[in-house]
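Colleague: okay, here's the prediction I keep looking at, along with the sequence it came from:
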Amino acid sequence: MSDTVRIEMTGDFGGRMIAAVKRRSQPEALDPKMATLAGKHFGLLKRATPKKWTGDTRNQWQLQRNGPADYSITSDSRVMKYLEFGTQDHGPTHAKALFIPLTKKAWLAYTSNLFFSKGNKGTFKVHAYGGYRKGKALKMRVIVLEYGVDYVLAKRVRGIPARHIVRDQRAKVSKDLRLMWKGVFQEAWSEAKVK
């Protein structure tokens with residue numbers, strides 16, 4: 001989508017003004033300003049994205065330069081979609097209950113594809129295999145997860161409310177772009193006045 005601005009001016013000053021605007025609105029001339037804006041809003045998006053235990057969702061944001069004065073900020077995170085638009089109340093699809101980690105220890109054990117076995121009443125034993133180092137198998141360690149402390153099981157959970165992180169940032173980008181263009185026209189005006 002491209003926006004076109006038509007400016008008509010007559011006389012010597014008008015010609016100088018149009019020439020200055022054309023010169024300053026070339027992609028190569030705008031690139032430093034656009035790079036600054038893109039970097040600023042990239043940082044704001046990253047800070048606005050919640051960080052729970054690992055910061056993976058926050059670190060999924062990418063800033064790409066597609067050409068002179070052409071930048072895009074994207075995220076491939078599935079979780080970011082849930083944070084932006086929210087989710088509905090839901091329950092398990094294949095299991096009897098949803099496993100909800102309450103501590104980082106439980107979350108890491110659950111997401112690491114470790115072997116679970118039942119421990120004493122209300123506990124899980126998580127068997128973490130250490131792998132191999134210098135030809136020797138490392139010992140298996142057992143992590144005990146306690147129900148109500150490290151995790152809970154639920155039949156249904158409330159949905160995530162939409163945070164509208166990208167939508168809110170889009171409004172800020174529009175405002176900053178308007179201010180940038182205002183500055184370009186003011187610089188062109190000053191340049192045309194001096195000559």
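Modeller: Yep, it's here.
Colleague: now do the same contact list for A162.
Modeller: Shown in contact with A162 (Cβ atoms under 8 Å, 6 or more residues apart in numbering): L83, E84, F85, G86. Every C-beta, even on glycine, is put in place using the N, C-alpha and C of the backbone.
Colleague: just A20 next, same as before
Modeller: E187, A188, W189, E191, A192.
Colleague: stretch 176-191: which residues count as buried?
Modeller: Within stretch 176-191, the residues scored as buried using 16 or more other Cβ atoms under 10 Å are W181, V184, F185, A188, E191.
Colleague: nearest residue to the middle of this protein?
Modeller: With distances taken as Cα atoms, centre = their mean, the chain has W61 as the residue nearest its mean C-alpha position (4.2 Å).
Colleague: beta-bridge partners for it, please?
Modeller: Beta bridges link W61 to S75, judged by DSSP bridges.
Colleague: please report the distance of it from Q169.
Modeller: Using Cβ to Cβ, to the nearest Å, W61 is found at 11 Å from Q169.
Colleague: now do the shared contacts for those two.
Modeller: Residues touching both W61 and Q169 by Cβ under 8 Å, 6+ apart: L45.
Colleague: and the longest helix anywhere in the chain, what does it pack against?
Modeller: Ordering each helix of the chain by length in residues (DSSP state H) puts helix 165-194 first. If you count contacts as 3 or more Cβ pairs under 8 Å, 6 or more residues apart in numbering; DSSP states H and E, helix 165-194 packs onto helix 11-24, helix 27-48, helix 78-85.
Colleague: try 10 Å this time
Modeller: Secondary-structure packing of helix 165-194 (3 or more Cβ pairs under 10 Å, 6 or more residues apart in numbering; DSSP states H and E): helix 11-24, helix 27-48, strand 70-75, helix 78-85.
Colleague: want to throw the ones you listed into CSV with distance to D56 and mean pLDDT?
Modeller: Output for the helices and strands packed on helix 165-194, formatted as CSV (distance: least, Cβ to Cβ, whole Å; pLDDT from 0 to 100):
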stretch, distance to D56, mean pLDDT
helix 11-24, 41, 81
helix 27-48, 12, 94
strand 70-75, 11, 93
helix 78-85, 8, 91
